[in-house]
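J.: Here is the input, now give the coordinates:
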Amino acid sequence: MPTPSDENTLTIAKRLLRAHQLLELRRPADAEAEFRAVLELDPDNALAFRGLATCARLKDNLHSAREFIGQALRCSPDDAASHFEAGQVFSLLEKHSKAIRHFEWAVERAPENADFLFGLAIAFHRSGGLKDALKAEKLVGRVLALDPSHAPALSYKAAIARRGFHFGEAEKYLQQLGRADPEDTYLQSLLAEQRRREGHIDMALEHHLAALRQDPGNRAELYNYYETYAYQNRLWRAVAGWDGGMLFNPVSQFITTAIVIFLLLLLVTKSPAFIPEMAIQALAWLVYLPLFVFWVGRLWSKWVAPRHRWHFPFTGRAARFLFLDLSGTLGALAFGAYLATGDFVGVTTAVFLMIYGAIAAGFFIMAEEYFIRPLGLILVVIYLCGAINLVMALLGYKPFQPAEIIAATGWILIILGHGLFSELRNRRWWRKRTGQ
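T.: Next up is the predicted model:
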């Protein structure tokens, strides 16, 4: 006859099994209830604490995840899976040295576990050093030696190959990944970008839709879908292919434009006296007009012409590219005003917009979070100041001077400062640094 202790053990086992099934179904809230029920029966159950850490991590509550995994390790300090979970949590918290230490402990206890090895590889990769990147590459090789169909490792190899423009090698890993897990969201995203680069737009759209069916809430993937849709526009396709085959690199196009504007400014203001003024103006316009057509064509065909853009997902990545395109277009337009009127404010506005566009783009390159509304309002107002200045110069009115624009921007920052600070306090990286 089973004792109460045996019944208790059986109940715990059933609840843990049910909780892990719910985690596989991506239902962390229901799984959390099961894990908490286990702790009511066994307050020191390390598996339950580890499960709660996983639930909290999946819900992006990293501070709770850190507390739960700490309790799991106190209950079972030699459990490899708990160290692996701790590594994942610290990696998301960007505490890479701690993440590496926990992953190494997990690998020491289970050296043949491909997932543990891959976790350690990704931790080394995210730490950013060259030596760590080489360690990551070796570890991924060990992962594929243990499990040639390991989907995350194949995705990693494909992404690294694509980043180095080794497209043939990337295709090989993508084919292996397709055999390992044909429904993988990341695989579909990589295939979409590969097909788009090859010019097979319809196939790229199909892959994007397949990825969205697997993960309908993926806003970054939705952005990629709309960008591919815009690429069907012939004008956008011609504009995007203007910089030597790097079709989707607005940063390089932006930098090239800034350099050309600077050289044009030198041509107009510092040319030798023996060159006729008419020749200088003709040469300046000859160089400027293709630049103007390029940026206006890019902005119109990508952001305005496709009607589906009215439902465009305004993510950080989209904002980064939008501000680059706006800066390029407004900067080119402002320089045209300078060439047409000879007013120095035209080139001042151009330089202001180009520099500010670079700063905004740099911010979004580093930021992983979605677009912050108060900051977005500040950026929009600054761009409006530049646009109004440009219109006034074109119409022949006395435009605002740069000092007045800077002063107005300062007042806007003061007025919106409270709202911006409130928004910042809700950000994960702010709480992490302030201990809130």
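
J.: Let me see the domain layout of the chain.
T.: Using automatic domain parsing, the domain parsing of the chain gives 7-177, 257-434.

J.: The ones you listed: lowest mean pLDDT?
T.: The weakest mean pLDDT among the domains of the chain belongs to domain 257-434, with a mean of 64.

J.: Identify each buried residue in the helix or strand harbouring L187, please.
T.: Take DSSP states H and E as the rule and L187 turns out to sit in helix 185-198. Neighbour-count burial for helix 185-198, counted by 16 or more other CB atoms under 10 Å, picks out 185-196. Every C-beta, even on glycine, is put in place using the N, C-alpha and C of the backbone.

J.: Show me what whichever helix or strand comes after it is packed against.
T.: Following helix 185-198 in sequence order, the next helix or strand is helix 201-214 (DSSP H and E). The contact analysis (3 or more CB pairs under 8 Å, 6 or more residues apart in numbering; DSSP states H and E) places helix 201-214 against helix 185-198, helix 219-231.

J.: With only the CA atoms kept, save helix 201-214 in PDB.
T.: Only the C-alpha atoms of helix 201-214 are listed here, as PDB (Å, rounded to 0.1, in the frame of the first residue of the first chain):
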ATOM      1  CA  ILE A 201      11.200  38.700 -54.500                       C
ATOM      2  CA  ASP A 202       8.100  36.400 -54.600                       C
ATOM      3  CA  MET A 203      10.000  33.600 -53.000                       C
ATOM      4  CA  ALA A 204      11.400  36.000 -50.400                       C
ATOM      5  CA  LEU A 205       7.900  37.100 -49.500                       C
ATOM      6  CA  GLU A 206       6.700  33.500 -49.100                       C
ATOM      7  CA  HIS A 207       9.600  32.800 -46.700                       C
ATOM      8  CA  HIS A 208       8.700  35.900 -44.700                       C
ATOM      9  CA  LEU A 209       5.100  34.800 -44.500                       C
ATOM     10  CA  ALA A 210       6.200  31.400 -43.400                       C
ATOM     11  CA  ALA A 211       8.300  33.000 -40.600                       C
ATOM     12  CA  LEU A 212       5.300  35.200 -39.500                       C
ATOM     13  CA  ARG A 213       3.000  32.100 -39.400                       C
ATOM     14  CA  GLN A 214       5.400  30.600 -36.900                       C
END
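
J.: give the contact list for R142.
T.: L117 (CB atoms under 8 Å, 6 or more residues apart in numbering).

J.: State the phi and psi torsions of L263.
T.: Dihedral pair for L263: phi -70, psi -40, per degrees, to the nearest 10.

J.: mind checking how far it is from A332?
T.: As judged by CB to CB, to the nearest Å, L263 and A332 stand 14 Å apart.

J.: higher neighbour count, those two?
T.: A332 (24 against 12; other CB atoms under 10 Å).

J.: show me what contacts that one?
T.: 257, 261, 288, 291-292, 294-296, 350.

J.: of these, buried ones?
T.: By 16+ other CB under 10 Å, the contacts of A332 give 257, 261, 288, 291-292, 294-295, 350 as buried.

J.: what's the farthest-apart pair in the residues you listed?
T.: Spatial extent of the buried ones among the contacts of A332 (CB to CB) is set by the pair F294 and A350 at 15.1 Å.

J.: Next one: V38 from I12, what distance?
T.: V38 sits at a distance of 5 Å from I12 (criterion: CB to CB).

J.: So which elements touch the strand or helix carrying R50?
T.: Assigned by DSSP H and E, R50 falls within helix 46-58. When contacts are defined as 3+ CB pairs under 8 Å, 6+ apart, helix 46-58 packs onto helix 4-24, helix 28-41, helix 62-75, helix 80-92.

J.: Tell me, how many residues neighbour S91?
T.: 20.

J.: check contacts around it.
T.: With contact set as CB under 8 Å, 6+ apart, S91 has these partners: 99, 119, 122-123, 126.

J.: do that again at 6 Å, thanks
T.: Residues in contact with S91 (CB atoms under 6 Å, 6 or more residues apart in numbering) are 99, 123.

J.: can you check G119 too?
T.: Going by CB under 6 Å, 6+ apart, G119 touches 84, 87, 103.

J.: a markdown table please, covering those residues and showing neighbour count.
T.: As requested, the contacts of G119 are exported to a markdown table (neighbours: other CB atoms under 10 Å):
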| residue | neighbour count |
| --- | --- |
| F84 | 24 |
| G87 | 27 |
| F103 | 27 |
